[in-house]
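In: Provided below are the primary sequence and the corresponding predicted coordinates.
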Amino acid sequence: MNRRNARLLFLFAVLLLCSLAWLTSPWWLGYVTNAFNRVENGLYIGGAVDHPPLGTHAVLNVCEQKDTFIVHPNMWEPFPVNPTVEWLARTVNFVAEQRAAGRTVYVHCLAGETRSAAVVVAYLMREHGWHRDEAIAFLKSRRPQMKLPPYMIHLLDKWQETLNVEQSHVFIPDNLHSQKILC
């Protein structure tokens with residue numbers, strides 16, 4: 001065997017071993033065996049899949065790539081480099097509108113651990129009136145592999161502030177504006 005053939009055989013063997021190690025690693029198997037989880041009735045979170053959970057009638061995709069399957073309604077809202085409260089509000093509003101219409105919603109990113117988790121936590125905060133930590137703990141009990149980096153925690157803190165402002169605005173009927181209220 002000449003030197004060139006020996007080199008090619010060595011490179012092929014290394015490539016084959018690396019591929020086998022990657023395919024059998026817990027990192028990859030975790031995504032294959034646990035692609036999505038039920039958060040609550042009508043709401044699922046997960047990673048990119050060929051088909052959403054059975055019975056899904058709406059999809060929110062925060063990946064960079066569009067879905068390969070078709071579910072209507074759907075929203076493709078790639079996670080921005082610098083996510084804002086406005087971006088979060090758009091995604092949460094979509095989930096809330098679909099849930100209010102009685103549709104089962106699947107929220108996903110590529111792995112279903114970070115970006116989709118931020119959206120679902122924000123939705124739970126608004127929907128249930130939960131504090132950030134309460135919503136994170138609840139979602140973690142449903143999807144243990146979720147993880148939120150510090151910049152997402154900061155985004156959720158800003159989201160909490162907007163929720164607090166929304167909750168502090170009390171509706172006063174027109175006929176009460178002219179009446180004196182004694183405290």
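Out: Ah, there it is. Since we're looking at a predicted model, the values are computed, not measured. Residues are numbered from 1 along each chain as shown.
In: Of all residues in the protein, which one is nearest the centre?
Out: Nearest to the geometric centre of the chain sits Ser116, at 1.1 Å (Cα atoms, centre = their mean).
In: Any chance you could list what contacts the strand or helix carrying Ala135?
Out: Using DSSP states H and E, Ala135 sits in helix 132-142. Contact with helix 132-142 is made by 37-40, 45, 117, 120-122, 124-125, 128, 130, 146, 148, 153, 156-157, 159-160, as judged by Cβ atoms under 8 Å, 6 or more residues apart in numbering. All C-beta atoms are positioned from the backbone trio N, CA, C, and that covers glycine.
In: From the residues you listed, list just the buried residues.
Out: With neighbours counted by 16 or more other Cβ atoms under 10 Å, the contacts of helix 132-142 contain buried members at 37, 39, 45, 117, 120-122, 124-125, 130, 146, 148, 156, 159-160.
In: ok, back up a step: list the buried ones in the helix or strand following the helix holding Ala135?
Out: Toward the C-terminus, helix 132-142 is succeeded by helix 150-168 as the next helix or strand (DSSP H and E). Going by neighbour count (16+ other Cβ under 10 Å), the buried part of helix 150-168 is 152, 155-156, 159-160, 163.
In: now do stretch 42-62
Out: Neighbour counts over stretch 42-62 (16+ other Cβ under 10 Å) mark 42-49, 52-53, 56-62 as buried.
In: hmm, back to that, for the buried residues of helix 150-168, give me TSV that also has pLDDT.
Out: As requested, those are arranged in TSV below (pLDDT from 0 to 100):
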residue	pLDDT
Met152	94
Leu155	94
Leu156	96
Trp159	95
Gln160	94
Leu163	90
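In: Adding distance to Asn5, write those residues out as a markdown table.
Out: Compiled in a markdown table, the buried residues of helix 150-168 are given as follows (distance: Cβ to Cβ, whole Å):
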| residue | distance to Asn5 |
| --- | --- |
| Met152 | 51 |
| Leu155 | 55 |
| Leu156 | 57 |
| Trp159 | 60 |
| Gln160 | 63 |
| Leu163 | 66 |
